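A.B. asks: Just the structure for this:
(one chain, ligands or ions: 1)
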Amino acid sequence: MAQPHILILGAPGAGKGTQSANIAEEFGVEHVTTGDALRANKEMDISDMDTEYDTPAEYMDQGELVPDEVVNAIVDEALSQANGYVLDGYPRNLEQAEELAEMTDLDVVLYLDVSEEELVHRLTGRRLDPETGDIYHVEYNPPEDPEVEGRLEQREDDTEETVTERLRVYRENTEPVVEHYDDEGVLERIDGDQAPEEVWEDVKETIEDSV
Ligand code: AMP
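C.D. replies: Okay, the predicted model is just below:
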């Protein structure tokens, strides 16, 4: 059987990155994430694309969406090279969802449903180990090693002000994408308020039942 094509939807802080890493390992698919791809190319010159700003960083640091043209190209390239994937962070608006439908078919569409209060708490407490890329949380999951604790960093867009804007952008642009897949009858809703291990049990079972 061909490797599955999995889409994971959810607000910023819903746990898409954590669950995508589990999915990639368990099902042997590639983790395609526009957020990571853009962070790795934050200073890329996009001025020839007729965009408002000249680099992705200027959009990202304000919590705004990077223009579709830039993101669509990243996803098209990544999906064409992947033998099975879990797509995380895309589509973020209906135009991107239309583009995606042109690029590929989907076997499973997961939606991690998390309350707004919990999202804010998760995002503002999130910390990153710049050496390993591991993600921690000041309250839910602090590192045991004081050396690791000492080098943790906060993502530039995880400050309270930018988080509020990212959630506003999500509600305005991405909630219609969730509704779109729901209307198509393909959305698999997962209770994302649970602990990561419990969410993973539900995610794994849903994928196994769908492919
Ligand atoms: P994330 O790591 O998924 O939270 O993404 C971080 C930031 O990257 C977002 O706030 C956007 O500025 C940008 N970004 C990621 N994915 C997309 C996308 N599909 N469309 C537009 N901008 C995106």
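
A.B. asks: how close does residue 210 sit to residue 94?
C.D. replies: 23 Å (Cβ to Cβ, to the nearest Å). Backbone N, C-alpha and C define where each C-beta goes, glycine included.

A.B. asks: OK, contacts around whichever residue of the chain sits closest to the ligand?
C.D. replies: For the chain and the ligand, the shortest gap (Cβ to the nearest ligand atom) falls at residue 35, measuring 2.2 Å. By Cβ atoms under 8 Å, 6 or more residues apart in numbering, residue 35 lies in contact with 17, 88-89.

A.B. asks: Verify the assumption that it is located in a helix.
C.D. replies: Yes. The assignment for residue 35 by DSSP: H, G, I helix; E, B strand; the rest coil puts it in a helix.

A.B. asks: okay if I get the contacts of residue 35 as a markdown table plus distance to the ligand, secondary structure and pLDDT?
C.D. replies: Putting the contacts of residue 35 into a markdown table (distance: Cβ to the nearest ligand atom, whole Å; DSSP: H, G, I helix; E, B strand; the rest coil; pLDDT from 0 to 100) gives the following:
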| residue | distance to the ligand | secondary structure | pLDDT |
| --- | --- | --- | --- |
| 17 | 7 | helix | 93 |
| 88 | 7 | strand | 98 |
| 89 | 4 | coil | 97 |
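
A.B. asks: Can you flag the buried ones in these?
C.D. replies: 17, 88-89 (16 or more other Cβ atoms under 10 Å).

A.B. asks: The ligand contacts on this structure?
C.D. replies: 12, 34-35, 38, 59-60, 63-66, 71, 89-90, 92, 96, 157, 166 (Cβ under 6 Å from any ligand atom).

A.B. asks: Show me the residues you listed that map onto strands.
C.D. replies: Nothing among the residues of the chain next to the ligand maps onto strands, per DSSP state E.

A.B. asks: Of the residues you listed, just the buried ones, ChimeraX syntax please.
C.D. replies: Here is the ChimeraX command that selects the buried residues among these (16+ other Cβ under 10 Å):
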select :12,34,35,38,59,60,63,64,65,66,71,89,90,92,96,157,166
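
A.B. asks: For the one residue sitting closest to the centre of the chain, which phi and psi angles does the backbone take?
C.D. replies: When the chain is reduced to its mean C-alpha position, the closest residue under Cα atoms, centre = their mean turns out to be residue 89, at 3.3 Å. For residue 89, the backbone dihedrals (degrees, to the nearest 10) come out as phi 100, psi 0.

A.B. asks: Residue numbering should commence at 605 henceforth.
C.D. replies: Let's use 605 as the start, then, which means that last one is residue 693.

A.B. asks: residues in contact with it?
C.D. replies: Applying Cβ under 8 Å, 6+ apart, we find residue 693 in contact with 620, 637-640.

A.B. asks: Alright, I will stop here.
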